[in-house]
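S.K.: structure for this input, please:
(2 chains)
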Amino acid sequence: MPVVELAGVTKAYENKIAVNDLSLSIDAGQMFGLLGPNGAGKTSSIRMMMGITIPDSGRVNLFGKPFQRESLDHVGYLPEERGLYKKMKVIEQLVFFGQLHGLSPDDARKRSTAWAERMEIADALNKKTDELSKGMQQKIQFISCLLHEPGLIVMDEPFSGLDPVNAVLVEKTLLELKDRGNAILFSTHRMDQVEKLCDAICLINNGEAVLEGNLREIKGRYERNRIIVEFEGNPAFLNSEEIAEAKNYSGHAEIRLKPHGNAQKLLHEAAGMATIYRFEMVEPSLEEIFIQTVGGKANA
Amino acid sequence: MRNTMLIAKREYLEQVRGRAFRLSTIGLPALFAVIIGVGYVASLGLGANKHLVIMANDAALADAIRTQIVSDKDGTPNVDVAAPATPDTRAQLIRQVQSKAIEGFLSVETQPGGLPKASYTAQSSGDFITNDRLKQALNDGMVTERLAGSGMRPAEADALVKGISIETFQVKKDGSVVRSNAQASFWKGYVMALLLSMTTLIYGLNVARSIIQEKTSRIFEVMLATVKPSDMLAGKLIGVGAVGLTQIAIWLVAGAAIMVTPFAEAMLTGQYAVHFSWAEGILFPVYFLLGYLLYSSLFAGLAATCETEQELQMYMPLAAAPTWLSFALIILIINDSNSVWSIAASLFPPTAPIIMFLRMASEMPPVWQFAVSIGLMVVSIWATLWFSSRLYRVGILMYGKRATLPELVRWLRYS
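M.R.: Numbering: from 1, shown residues only, chains lettered A, B, ... in the order given. As a prediction, the model looks like this:
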């Protein structure tokens, strides 16, 4: 049973179709990446999942049931537009959000303290929010989504505003939650993070899903026509007839073969001219797939 | 309901703990006290220490006018008499006025068989208070002199022109008769109405300001993932309304404490007798709550369409208009608190809270009028909430620009 299921969902604002006939599903224990250029319809899709807006047509199911507000008690949501009460103390703020999700004040306080220690912001608990850095505020919001131990975690651009150290901390936490069986959906522009974290993706453009499914399967659909070569000696083999494009970075070359180009023949040519330390056929990166799929069609 | 109360509690605690609440709780009554006190103290000194000269060809009349002027306990001018006046007296006095040796001079020329001609020449032409006092003194002095001239003893004549003051009493609904003072009653009603209009506006605008702050801090989307927009709005209205009631409760308790002091007791039983009834004590918070809900629900919807507090300012005249209208009707209410216009204004929801208190100051309106006015206000609040909640739930997620009128109409149509 999918934790989230969107079936043929459509939403239009004024004269613009924000989401058009979008279908996707996320299972428990799955990390799902929602990708797309700016204005593609990611936030609109997430808002419908959260019941903030209502689809014009189609169906949204949460935990196997048609959307109902009660289901949101089991959802943790970090919106793209972050917001905290600036004049409230961090601990009071976390307890407030915990209570809104049905926790008792004591329970909310205990969990907030434990999460603050885990996210390395325990010192900030008694400070007012506006005294904290943007990254700290981001972590507080991250905690507020998780206090009530939601089965589904929805995060819109969760890594924006975080330095590399804190981004790794958030990544690690998300992976732990996934291992515990939580379904996690996040939208991002950072393809490296999607490659590292996600099991499945949905790439949307102009409100429509243009690529959807298991990340390995998607990558498998693309030809392995990229080769990384590390060598010492004559680089003349980079002019081979098998090659469509080659970039040489002083002994490290990135090669794209012509359609039906022969990698074995190229290896043979290279070995005759230089000492080869590495010759690896690699699958296309998600970034390449993204650019190839969305190409010039992106709105932003 | 649980989430509504949580939001109300958060809103209440944030505002009550804020500096603005402490300042306005103490500051607003203090401001009233200072304004009234300054006005009173300033009026005591009006006309004091002014050096005036009475120039007349009739010395007895000049003396009679002088006696009247110096007997005025509100103004204690230094008055000289130049009588009988010679042809040079006027020129001399003008020179004294010019050199600021005297403030001004009153010239009285008696004419055989007619009324005297009088003029006042002074440094300032705008001192109408002194002008009025001189006019009164001239008339009283002339009557006294004429009465004395026709054989009446001066003390008797003087007592006659002083006039007789009237004590006022009011018959209450229960038949009891209490000493009252129309002026004091009016000022009591006026101050209560002013306090009511100020608190209603302040807290109505607090709701609007709080919505704009939340919109600016982008907290709505976080909240909407757990709470319905209608619950959020209800929580905000309850929370801020409770802050207002807390402030009024503090004022009532402090007012009651002050009233048992000997000073206040003297005030309440003397010439300026002011009576506060239980009905006024109960109706004040009731009308505050109704007025507050009407204004705040309207402003909540409008605030959701704005991006900044500056944009909200555009709607300020809308908030102030009923208050201006209410206070513009004061003369009408004083003249006849039971006229059709007075009753209509006290039933019309936007002006009802203020007008009711102004009417109550002169006479307690019948119970059915309170019932109708409260009923109409409840219906208006319901209609305003319907309108505002539609603007609110769309507006809080709209960022970037202020909504245009056609957009607002479209928002209202969204179900």
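
S.K.: show me the chain divided up by domain.
M.R.: Answering for chain A, as no chain was given. With domains defined by automatic domain parsing, chain A comprises A:4-220, A:226-282.

S.K.: meant chain B actually
M.R.: Chain B resolves into domains spanning B:51-162, B:180-413 when parsed by automatic domain parsing.

S.K.: residues contacting the residue in the stretch 151-300 of chain A that chain B sits nearest to?
M.R.: Nearest residue of the stretch 151-300 of chain A to chain B (Cβ to the nearest Cβ) works out as residue A:154 at 8.3 Å. From N, CA and C alone the C-beta is placed, and that goes for glycine too. Contact partners of residue A:154, counting by Cβ atoms under 8 Å, 6 or more residues apart in numbering or on different chains, are A:46, A:49, A:50, A:75, A:76, A:77, A:78, A:184, A:185, A:186.

S.K.: the third one and residue B:223 touch, don't they?
M.R.: It stands for residue A:50. No. Applying Cβ atoms under 8 Å as the test, residue A:50 and residue B:223 come out as separate, 11.3 Å apart.

S.K.: now name the helix or strand holding the residue of the stretch 151-300 of chain A closest to chain B.
M.R.: strand A:152-156 (DSSP states H and E).

S.K.: relative to residue A:232, which of the domains of chain B is closest?
M.R.: Of all the domains of chain B, the one in closest proximity to residue A:232, counting by Cβ to Cβ, is domain B:180-413 (54.8 Å).

S.K.: the closest one and chain A, any residue contact?
M.R.: Yes. Applying Cβ under 8 Å from any Cβ of the partner chain, one finds domain B:180-413 touching chain A at B:214, B:217-228, B:397, B:399.

S.K.: and that domain, how far from the chain's centre?
M.R.: Remark: domain B:180-413 is offset 16 Å from the chain centroid, using Cα atoms, centre = their mean, to the nearest Å.

S.K.: same question, stretch A:13-22
M.R.: 22 Å.

S.K.: now do stretch A:118-130
M.R.: On Cα atoms, centre = their mean, the centre of stretch A:118-130 falls 26 Å from that of its chain.

S.K.: next: stretch A:101-108.
M.R.: 30 Å.

S.K.: repeat that for stretch B:57-65.
M.R.: Centroid displacement of stretch B:57-65 relative to its chain, using Cα atoms, centre = their mean, is 43 Å.

S.K.: please apply the same query to stretch A:23-31.
M.R.: 13 Å.

S.K.: give me the residues contacting that stretch.
M.R.: With Cβ under 8 Å, 6+ apart, stretch A:23-31 has contacts from A:2-9, A:32, A:58, A:151-152, A:174-175, A:178-179, A:181-186, A:197-200, A:202, A:209, A:212.

S.K.: what is the mean pLDDT for that stretch?
M.R.: Computed over stretch A:23-31, the mean pLDDT rounds to 90.

S.K.: tabulate the CA atom coordinates of it in CSV.
M.R.: Written as CSV, here are the backbone C-alpha positions of stretch A:23-31 (Å, rounded to 0.1, in the frame of the first residue of the first chain):
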residue,chain,number,x,y,z
SER,A,23,0.4,10.5,-11.0
LEU,A,24,3.0,9.1,-8.6
SER,A,25,3.2,6.9,-5.6
ILE,A,26,5.6,6.6,-2.7
ASP,A,27,6.0,3.5,-0.5
ALA,A,28,7.0,3.1,3.1
GLY,A,29,10.8,3.1,3.5
GLN,A,30,11.3,4.9,0.2
MET,A,31,13.1,8.1,-0.4
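
S.K.: what residues of that stretch count as buried?
M.R.: If you call a residue buried by 16 or more other Cβ atoms under 10 Å in any protein chain shown, then stretch A:23-31 has these buried ones: A:24, A:25, A:26, A:30, A:31.

S.K.: winner for burial among the domains of chain B?
M.R.: Among the domains of chain B, ranked by average contacts under mean count of other Cβ atoms under 10 Å in any protein chain shown, first place goes to domain B:180-413 (a mean of 18).

S.K.: which parts of stretch A:243-255 are buried?
M.R.: Under 16+ other Cβ under 10 Å, the buried positions of stretch A:243-255 are A:243, A:246, A:253, A:255.

S.K.: dump the domains of chain A into JSON lines; add distance to residue B:353 as well.
M.R.: Listed next are the domains of chain A as JSON lines, based on distance: least, Cβ to Cβ, whole Å:
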{"stretch": "domain A:4-220", "distance to residue B:353": "31"}
{"stretch": "domain A:226-282", "distance to residue B:353": "76"}
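
S.K.: who wins for proximity to residue B:155 among these?
M.R.: Comparing the domains of chain A by Cβ to Cβ, domain A:4-220 comes nearest, at 72.5 Å.

S.K.: next, the spatially closest residue to residue B:312 that is not a sequence neighbour: secondary structure please.
M.R.: Among residues not flanking residue B:312 along the chain, residue B:306 sits closest, at 4.9 Å (Cβ to Cβ, 6 or more residues apart in numbering or on different chains). Here residue B:306 is coil, with the state taken from DSSP: H, G, I helix; E, B strand; the rest coil.

S.K.: ok, residue B:306 to residue B:65 distance?
M.R.: 64 Å (Cβ to Cβ, to the nearest Å).

S.K.: all helices for the stretch 201-300 of chain A, in order.
M.R.: Counting by DSSP state H, counting those that start in this stretch, the stretch 201-300 of chain A has helices at residues A:215-220, A:263-273, A:286-294.

S.K.: longest single helix anywhere in chain B?
M.R.: Criterion DSSP state H: the longest helix present in chain B is helix B:182-216.

S.K.: ignore the last one, chain A
M.R.: helix A:164-179.

S.K.: run through the bridge partners of the residue lying closest to residue B:101 once chain neighbours are set aside.
M.R.: Spatial nearest neighbour of residue B:101, chain neighbours left out: residue B:51 (7.4 Å); criterion: Cβ to Cβ, 6+ apart. In this entry, residue B:51 is beta-bridged to residue B:78, by DSSP bridges.

S.K.: who touches residue B:51 in this structure?
M.R.: B:77, B:78, B:80, B:101, B:102, B:103.

S.K.: quick one on the thing from earlier: out of the domains of chain A, deepest packed?
M.R.: domain A:4-220 (a mean of 18).

S.K.: okay but residue B:332 is in contact with residue B:344, surely?
M.R.: No. Contact criterion Cβ under 8 Å: residue B:332 and residue B:344 do not qualify, at 10.4 Å.

S.K.: hey, where'd the strands end up in chain A?
M.R.: A:4-13, A:16-26, A:31-35, A:57-62, A:65-66, A:75-78, A:152-156, A:183-187, A:200-205, A:208-214, A:226-233, A:243-248, A:252-257, A:274-282 (DSSP state E).

S.K.: and the residue of chain B closest to chain A?
M.R.: Closest contact between chain B and chain A, by Cβ to the nearest Cβ, is at residue B:219 (3.2 Å).

S.K.: now that residue: closest residue in space, sequence neighbours ignored.
M.R.: Per Cβ to Cβ, 6+ apart, closest to residue B:219 is residue A:83, 3.2 Å.
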